[in-house]
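In: Here is a sequence together with a model predicted from it:
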Amino acid sequence: MRYPYISIEGVIGVGKTTLARLVRDSFEAELLLEVFEENPFLSDFYADRERYAFQTQIFFLLSRYRQQHRVIGPTLAHSTLISDYSFAKDRLFAHLNLSGDELEMYGRVHSVLAEKLPLPDLVVYLRAELDTLMDRIATRDRPYERAMSRDYIADLRGAYERFFTEYHDAPVLAIDTDGLNWVSDPQALAHVVGRVRTALEDGFEQPPLPMFETGYPPDAEYATDEGVVRPPRRRLADFQRWQQALDQGDAALSDLYFNFMGLTQEVGELGAEMTAIWRQQKVQFQKVGNQPEALDLAMSECLPHLRTELADCLAYLLKLANNAGIDLEAAYLEKANQ
């Protein structure tokens, strides 16, 4: 048995390592974290990119190959593996920093080494706006990153977008991270874990609700590598986060007891609608003399109202779960498996 290999990718400062550490337990995985501080050319490179680009790039290439060659194969024989970088991304930096003979020589070495490494089963590509990236870089305040210019990060961000638009070696799950704080928000972390699980299980990207991440039509369909078109699916955590966003700014809508009273009211309205269906079924039975047909006729007449009341009840359940800090999907699955 070969376990899944998940690679987390994205621009400097987007949160790759932090996310890898946080989702490790959810997937019962081992971690492969990039060793970058040992590069003796890194500080010089940030101070003078043109002069030290080739030395820095070759060192990274060989270091990444050595680490992945030693770790990936043996680990996948007994455990899921999550890495905060992919070997392929080294090529991205090379095209950004090298040119001419240096780029050609690098390309030859990279091709030889890449053939000997397993490809990820899924690449999780983290996106963020430039201002978000600069804020995160400043917050973590690594000494060798202090000299990074805004223009360099902007160029790097553009290079990542182009690279993963054309990347087809492995499935890519793109996640916009500007509105996600998985360090302090368990629901945000559950949202990401859910999307990764779905992508691994189904082999295609599950787009989130459009309120959170733009670029995906809410009713679109997506093609798999096999050419089969499947409609997108969402997890309960997506709707829970959506409801939370809808309720922001209104104190009453974030009150536990207010929402409980709202749920009881909606359940009462649902009960009234069920009573109306029962009465309508009796009327229809007098006409057709058949209970199943009478129910079908009653439902066809009352279905729009029933649909609305069920949606109202679900909305208040989502609100209550958000108020209480409960991952409703996880709680439901735990209960179902008892």
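Out: Happy to help now that I have it.
In: and M134, what helix or strand is that in?
Out: If you go by DSSP states H and E, M134 is part of helix 130-140.
In: buried sites along the following helix or strand past that helix?
Out: Sequence order places helix 150-165 as the next helix or strand after helix 130-140, per DSSP H and E. Using 16 or more other Cβ atoms under 10 Å as the test for burial, helix 150-165 gives 153, 156-157, 159-160, 163-164. Any C-beta I mention is one placed from the backbone N, CA and C, and that applies to glycine too.
In: one step back: helices and strands around the helix holding M134, which ones?
Out: Other elements packing on helix 130-140 under the criterion 3 or more Cβ pairs under 8 Å, 6 or more residues apart in numbering; DSSP states H and E are helix 150-165.
In: quick one, the helix it packs on and helix 130-140 angle?
Out: Interaxial angle, helix 150-165 versus helix 130-140 (axes from the mean of the first three to the mean of the last three Cα atoms, to 10 degrees): 120 degrees.
In: After helix 150-165, heading C-terminal, what element do we hit next?
Out: Next along from helix 150-165, by DSSP H and E: strand 172-176.
In: What strands flank that next one, and is each parallel or antiparallel?
Out: strand 122-127 (parallel) (DSSP bridges).
In: just the CA coordinates of the strand it pairs with, formatted as PDB?
Out: Listed next in PDB are the C-alpha coordinates belonging to strand 122-127 (Å, rounded to 0.1, in the frame of the first residue of the first chain):
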ATOM      1  CA  LEU A 122      -2.100  16.500  -4.500                       C
ATOM      2  CA  VAL A 123      -0.600  20.000  -4.600                       C
ATOM      3  CA  VAL A 124      -2.300  22.500  -2.300                       C
ATOM      4  CA  TYR A 125      -1.600  25.900  -3.800                       C
ATOM      5  CA  LEU A 126      -2.100  28.700  -1.300                       C
ATOM      6  CA  ARG A 127      -2.900  32.100  -2.800                       C
END
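In: Mind listing residues that contact that strand?
Out: Contacts with strand 122-127, where a contact means Cβ atoms under 8 Å, 6 or more residues apart in numbering, come from 4-11, 14-16, 19, 86, 160-161, 164, 167, 170-177, 196, 199-200.
In: cool, stretch 89-102 as well?
Out: Here stretch 89-102 has contacts from 9, 49, 53-54, 56-57, 60-61, 64, 103, 106-107, 110, 155-156, 159-160, 163, using Cβ under 8 Å, 6+ apart.
In: residue contacts, E34?
Out: With Cβ under 8 Å, 6+ apart, E34 has these contacts: 17, 64, 67, 83-85.
In: Tell me the most packed of the residues you listed, by neighbour count.
Out: Highest neighbour count within the contacts of E34, by other Cβ atoms under 10 Å: S83, with 27 neighbours.
In: For that residue, report the pLDDT, please.
Out: As predicted, S83 sits at a pLDDT of 97.
In: In space, what's closest to it - neighbours in sequence excluded?
Out: In space, and not counting its chain neighbours, S83 is closest to L32: 3.9 Å by Cβ to Cβ, 6 or more residues apart in numbering.
In: And for E38?
Out: With Cβ to Cβ, 6+ apart, the residue lying closest to E38 is S63, at 7.2 Å.
In: The one you found: neighbour count?
Out: Each residue near S63 was counted by other Cβ under 10 Å, and the total is 16.
In: Just to check, it is in contact with N39?
Out: Yes. S63 lies in contact with N39 (Cβ atoms under 8 Å); the separation is 7.0 Å.
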